[in-house]
Every structure is written in C-alpha cells, then in structure tokens.
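> requesting a structural model of the entry that follows:
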Amino acid sequence: MRLRSLVFLPFIVSGMFETATPQQVVQNDMFTFVRIKYSSGSYGYAFRMRFNSDSWEVDYPTAEENFLRGLRRITQLPVNDQALAMPLTDPEIFQYPFAYMLEVGYLRLSQAEADTLREWCLRGGFLMIDDFHGSAEWENFINEFSKAFPDRAPKRLPDNHPIFHCYYDFPTYPRVPGLGPLSMGRLYERDGYNPECWGIFDDDNRLMILINHNVDIGDSWEHAADSRYPTFYSKLGYMLGINYLVYALTH
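Numbering: from 1, shown residues only. Next comes the predicted model:
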C-alpha cells in the first residue's frame, strides 16, 4: 500500500458532514464502526451530573459517522454509514473485528465485561482507545484493564511502528487536542502535557489494543466542520484514524 505524505488535503473534510441520527441497522458485508458501552458505576456519577450522559457516549455518534464518511471518500473502503454502540456483554460483539472506546478514565469494568474484552481481543479483535488524559485517568485505565489483562502491560509504541506508516506517513506521534482545552488556549487536559501512544499485544506480538493518551481524536472527527476547531488538527485526526483502520484490517 503506498504511503501518503502528511500534506494538506482539502477534500478530506469538505462537504462530508451531516447531522447524524443514531440507528442500529448495518449491512453485514461492510466495515462497521462499533463503540463500546461500558460500566462506570458510582465513579461516573460526577460525569453524569455534569454532562447529563455517560462517559462512553461522548461525541457519539457524530464523531465516528463523520469519520466514516471521510474514510469511505478517501480509501474507497466499503463502510456502513451508521455506527453501532453495544455493551461488551453483547455476544454480537464477536461479529465485529474493530471497536472504539473513550473516556476510560471513568471506566469501571465488571468482571463479566473484562472477561469478554479479553476473549474478544485474543480472538482477533482490535480496540482503539481515545480521549483520556493525565496521570489519574491513566492510573484508572491501568487498574481497570488489569481485570482483563493482568498478564499484559502496555508498551509504548515507537515512531517507526508500522501503524504510523501504513497509509499516511507520520514521522512522530502527533498532538491532537480536544475542543475544550483549545477554547481555553491550551493543547492539553489536566496534567497530560505530552501525547502518547501505547499498545497491548497478544502472544504473537499482534497489536490488540491501541491506547491514545493525552489526545482527543474523537473531537477532531466530531468538530471537523466547526469553525472553533482548527482544520489542521482535524486532518491529523482523520489521517491517524485511517492509518489505524488500515492497520487493524490488515493485521
């Protein structure tokens, strides 16, 4: 697959944004973007009180459905327009090889969820994690995912990992901030000053879980047509997402 340089591509974001309506109807012979519904329990109470939603719902479904339109336009991959959201305990999740999860700083996995997550990953699933920031949310993520993978610690992905070069060529892991900190004149949230990308691997060194820490790729998809959000970061987010999809579907 040929490499693309990190250059301005106006067609990436122009004319492909619509008001998304959540539906749960997809064609099974096309790529489907699945968002994981997870438990947050009492830990997420403050989040629900502040935002009137659960943390798993952030940006849903506008972010992924904007991204799917860009993915189809740029790569010509057959993709479903509608994204799905489903709990880890739904047996249907084994029908889908790719899933997305965010705000894991508020995660509280039940053991049943953790067991299914482990089985799904080890049977070939690829999980993209996004939009959690700073040391406290990292600590919560590590604690919760250790329920599923007590034997597998995350490893920092080097800049020469193939996932950063399989479609677009990223010399370094880029910074993709959220709209919230940008509106306050910052590029980071909490004490998450530096963008980091980590992975959890299976016994054959296959990347199962891609961990995007101190970035908000979902915001770069959701707000691509929002004048408050810089186009530069939206392009980076789309290009990263395309690399992740291409890598996941070919490994």
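
> burial of His213, as a residue count?
One way to gauge burial is a neighbour count; for His213, by other Cβ atoms under 10 Å, it gives 23. No exception for glycine: its C-beta is placed from N, CA and C like everyone else's.

> and the nearest residue to it once chain neighbours are set aside, what are its phi and psi?
Computed as Cβ to Cβ, 6 or more residues apart in numbering, the closest residue to His213 that is not its neighbour in sequence is Glu196, at 4.4 Å. When read as degrees, to the nearest 10, the backbone of Glu196 gives phi -140, psi 150.

> please report the distance of Glu196 from Tyr229.
From Glu196 across to Tyr229, the span is 22 Å (Cβ to Cβ, to the nearest Å).

> which of these two has more neighbours?
Taking Glu196 and Tyr229 together and counting by other Cβ under 10 Å, Tyr229 has the greater number of neighbours (20 against 15).

> surely that one is in a helix?
No - applying DSSP: H, G, I helix; E, B strand; the rest coil, one finds Tyr229 to be coil, outside a helix.

> what's across from Leu84 in the sheet?
Leu84 has the following beta-bridge partners by DSSP bridges: Val34.

> and what of Leu127?
Ala99, Ile209.

> can you report how many residues lie near it?
21.

> may I see the buried residues of the lowest-mean-pLDDT helix or strand in the chain?
Among the helices and strands of the chain, helix 45-51 carries the lowest confidence by mean pLDDT, DSSP states H and E, at a mean of 76. Of all the residues in helix 45-51, those buried under the rule 16 or more other Cβ atoms under 10 Å are Phe47.

> quick one: residues contacting the residue nearest to His213.
If you count contacts by Cβ atoms under 8 Å, 6 or more residues apart in numbering, Glu196 has them with 156, 173, 211, 213-214.

> give me the buried entries from those.
173, 211, 213-214.
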